[in-house]
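Asks: no sequence on this one, just coordinates:
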Ligand code: PEP
Ligand code: MN
């Protein structure tokens, strides 16, 4: 439910509505208050079936009461029309600026991470990715450097002045992600519907933004349900489209760009496209990245390696100099889209 106040309501009018809601059993922490220059909206999270809409409509400072039918209400544009914007320490704003996240699939060594970070930072990336805990199909293959990887990533953040993102696979690693102040915590495709893990992340006391990847064949409703679980504890949720396996094994995965457009039309969270895992094929990454931006994405997450052929993980989809060529193309599509909006 959204309660829209009259322009004349002022602070006192807002306080009256907030205290009426408290009397009806809705605490302040279940309210989102959106204030613009000429309006104030009070969004009520969670179950509102017991609230009497007519009572609120009858209050003198209330202009309109809207009920929202969307089951993922708090994520919907009916509830919050503007894009969610997530500000990072270096001033980059996910959801407003074009986010170009790049770096190796897995952190392998200081030399590999720093050489790759230098390459992506000079090319114009504004965030650095690097996996320290790798969910590998075969458990005997390289699993990532673990804590040592996060330590190197934190060093790279300082050296290259770029916020960093890394995948967290287990709630037991939350203290490590806090220790190294990882700027965005990635939930990988395999954990997209791991509800107890998502709930543990939602309970983190001082949370960082979370990038939630859509798992293989996870539906829009399942993704939104997973995002809402996180959102209840942490409004800084970013969605990521990274494709599905199909019968055609020429590609590792096929991006579903319908999802990008659908999510951006109906929901206010930022959406990032991963054309690396979304194709699995190096020569397709730039084209599909551009297509993702054209479909409405707020940014891209791209695997780049200073020596892709020697990568311990996902070399076949990793870019090198191609990333440099991709940046101006993605930027020009993003600004064309902004001009058209
Ligand atoms: C990754 O980003 O390195 C990764 C493992 O991706 P996904 O969870 O999409 O497979
Ligand atoms: Mn990878």
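Replies: Ah, there it is. If you're wondering where the values come from, they're calculated on a predicted model, not measured in any experiment. Ligands and ions are numbered 1, 2, ... in the order given.

Asks: isn't residue 303 right next to residue 320, touching?
Replies: No: counting by Cβ atoms under 8 Å, residue 303 stays clear of residue 320, with 10.5 Å between them. In this view, the C-beta of every residue, glycine as well, is placed from N, C-alpha and C.

Asks: all strands of the chain, in order?
Replies: Along the chain, counting by DSSP state E, strands occupy 2-5, 31-35, 40-44, 62-66, 86-87, 93-94, 99-103, 127-129, 164-167, 184-187, 210-213, 237-241, 271-273, 299-303.

Asks: Would you format the ones you listed as JSON lines with distance to residue 220 included?
Replies: Written out in JSON lines, the entries for the strands of the chain read as follows (distance: least, Cβ to Cβ, whole Å):
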{"stretch": "strand 2-5", "distance to residue 220": "22"}
{"stretch": "strand 31-35", "distance to residue 220": "23"}
{"stretch": "strand 40-44", "distance to residue 220": "22"}
{"stretch": "strand 62-66", "distance to residue 220": "23"}
{"stretch": "strand 86-87", "distance to residue 220": "21"}
{"stretch": "strand 93-94", "distance to residue 220": "21"}
{"stretch": "strand 99-103", "distance to residue 220": "21"}
{"stretch": "strand 127-129", "distance to residue 220": "25"}
{"stretch": "strand 164-167", "distance to residue 220": "22"}
{"stretch": "strand 184-187", "distance to residue 220": "17"}
{"stretch": "strand 210-213", "distance to residue 220": "13"}
{"stretch": "strand 237-241", "distance to residue 220": "10"}
{"stretch": "strand 271-273", "distance to residue 220": "12"}
{"stretch": "strand 299-303", "distance to residue 220": "20"}
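
Asks: Leaving out chain neighbours, which residue sits closest to the residue in the stretch 151-300 of the chain that ligand 1 sits nearest to?
Replies: In the stretch 151-300 of the chain, no residue comes nearer to ligand 1 than residue 188, which is 3.0 Å away by Cβ to the nearest ligand atom. When the adjacent residues along the chain are set aside, residue 188 lies closest to residue 167, with 4.9 Å between them (Cβ to Cβ, 6 or more residues apart in numbering).

Asks: and if you look at residue 168?
Replies: With sequence-adjacent residues excluded and distances taken as Cβ to Cβ, 6+ apart, residue 168 is closest to residue 185, at 4.9 Å.

Asks: Can you give me the neighbour number for that neighbour?
Replies: Residues contacting residue 185 under the criterion other Cβ atoms under 10 Å number 24.

Asks: Pick out the residue of the protein closest to ligand 2.
Replies: For the chain, the nearest residue to ligand 2 under the criterion Cβ to the ion is residue 105, separated by 3.3 Å.

Asks: what's that residue in contact with, if anything?
Replies: Remark: with contacts taken as Cβ atoms under 8 Å, 6 or more residues apart in numbering, residue 105 is in contact with 131, 134, 276, 303, 305, 311, 313, 314, 318.

Asks: repeat that for 10 Å
Replies: 129-131, 134, 142, 144, 167, 276-277, 303-305, 308, 311-315, 317-318 (Cβ atoms under 10 Å, 6 or more residues apart in numbering).

Asks: for residue 78, same thing?
Replies: Applying Cβ under 10 Å, 6+ apart to residue 78 gives the contacts 2, 43, 66, 67, 68, 69, 70, 266, 267, 268.

Asks: who wins for neighbours among those?
Replies: The member of those surrounded by the most neighbours (other Cβ under 10 Å) is residue 267, with 25 neighbours in all.

Asks: Isn't it up against residue 260?
Replies: No: the pair residue 267 and residue 260 does not pass the contact test of Cβ atoms under 10 Å, sitting 11.1 Å apart.

Asks: which residues do those two both contact?
Replies: Joint contacts of residue 267 and residue 260 (Cβ under 10 Å, 6+ apart) are residue 239.

Asks: one step back: apart from its chain neighbours, what residue comes closest to the residue of the chain closest to ligand 2?
Replies: If the residues on either side of it in the chain are set aside, residue 105 comes closest to residue 314, at 3.8 Å by Cβ to Cβ, 6+ apart.

Asks: Pretty sure that neighbour sits against residue 103.
Replies: No: contact between residue 314 and residue 103 fails when scored by Cβ under 10 Å: they sit 11.6 Å apart.

Asks: Having no further points to raise, I will conclude here.
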